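A.B. asks: fold the following, please.
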Amino acid sequence: MSGITPFDVSQQKGIKFESTSLEYLKLYERIYSELKKRDAKALLYGSIGIFHRVGDNKEAVELLKLYRKSGPQDVNVLVPTKYRDVFKEILREQGWTPYYHLERLMGDIAGMFFYESFVLKAYYMDRVKFNHEFVINWNEEFSMNLTDLLLTKLQMHFPTDKDSADIGAILMKANLIDIKRVIEQVSTDEGFWKDATDNLSKVRSLVGRLEMDNVKTRDQLRQVIVTVTKLHGELMKVAPNRQFKEDDKYWLDF
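C.D. replies: Model prediction:
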């Protein structure tokens, strides 16, 4: 046994991941519709963004639910800096309340907003600038595409099992991912390359353990392992050639 909670017990205590996710999507739809009327833009990402893209794949949704027994905790939105003010204005008009301390401290970079029991986290960036920096496709509508959603997970320094499961869910739709673009983005930065290859190894380990306990979804999980292994192999081919001194290696983790 892998020691991982099986897929079919993730709905204890009446928590419904899908229904909560759909409620978040309805709220965001109102925001997004108003943004379009004002020629503004924002893109959904995070767990709700992934759910939006993979929601028609039962096995992918089960992976999203695996480490979210309390359901999704918030919705994450990336907003171009030039649309920051109109985005905030729309939220106010639709009844969202800002977290005022965060707004005063760093409201030009990020914000947190509350509506009844729902939480929205917004980041105002023209490029993704979290652990690593990369360009996203702003021509998409409503949410980041699967390629960019994958990159947001691969760039993480210290992913949890939840993040590894998210990557697995995304890779259930590998046919919709631009693998060439993933390789191009990751290979431009030694740190990004290191995190991406490490994270793919963690995904392969997690999904491999899940495969042991989930006979009904074994074929789908096995295909994720194949995809992860292939992508990891392609990234190893573009491993940075730069040689670091021993003291330099310490700083690569920051």
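A.B. asks: tell me which residues in the helix ranked longest in the chain are buried?
C.D. replies: Longest helix of the chain, by residue count under DSSP state H: helix 190-213. Neighbour counts over helix 190-213 (16 or more other C-beta atoms under 10 Å) mark 191-197, 199-200, 202-204, 206-207, 209-211, 213 as buried. Using the backbone N, CA and C atoms, a C-beta is placed for each residue, glycine as well.
A.B. asks: and the next element down the chain from that helix?
C.D. replies: Per DSSP states H and E, the first helix or strand lying C-terminal to helix 190-213 is helix 218-237.
A.B. asks: quick revisit: only alpha carbons, please: show the longest helix of the chain as CSV.
C.D. replies: C-alpha atoms of helix 190-213 as CSV (Å, rounded to 0.1, in the frame of the first residue of the first chain):
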residue,chain,number,x,y,z
GLU,A,190,19.2,27.6,-14.2
GLY,A,191,17.1,27.9,-11.1
PHE,A,192,13.8,27.4,-13.0
TRP,A,193,15.3,24.3,-14.7
LYS,A,194,16.4,22.8,-11.3
ASP,A,195,13.0,23.4,-9.7
ALA,A,196,11.1,22.0,-12.7
THR,A,197,13.1,18.8,-12.9
ASP,A,198,12.9,18.3,-9.2
ASN,A,199,9.2,18.9,-9.2
LEU,A,200,8.6,16.5,-12.1
SER,A,201,10.5,13.8,-10.1
LYS,A,202,8.2,14.4,-7.1
VAL,A,203,5.1,14.1,-9.4
ARG,A,204,6.4,10.8,-10.8
SER,A,205,6.9,9.5,-7.3
LEU,A,206,3.5,10.6,-6.1
VAL,A,207,1.6,9.3,-9.1
GLY,A,208,3.5,6.0,-9.0
ARG,A,209,2.4,5.4,-5.4
LEU,A,210,-1.2,6.3,-6.4
GLU,A,211,-1.1,3.9,-9.2
MET,A,212,-0.5,1.0,-6.8
ASP,A,213,-3.8,1.7,-4.9
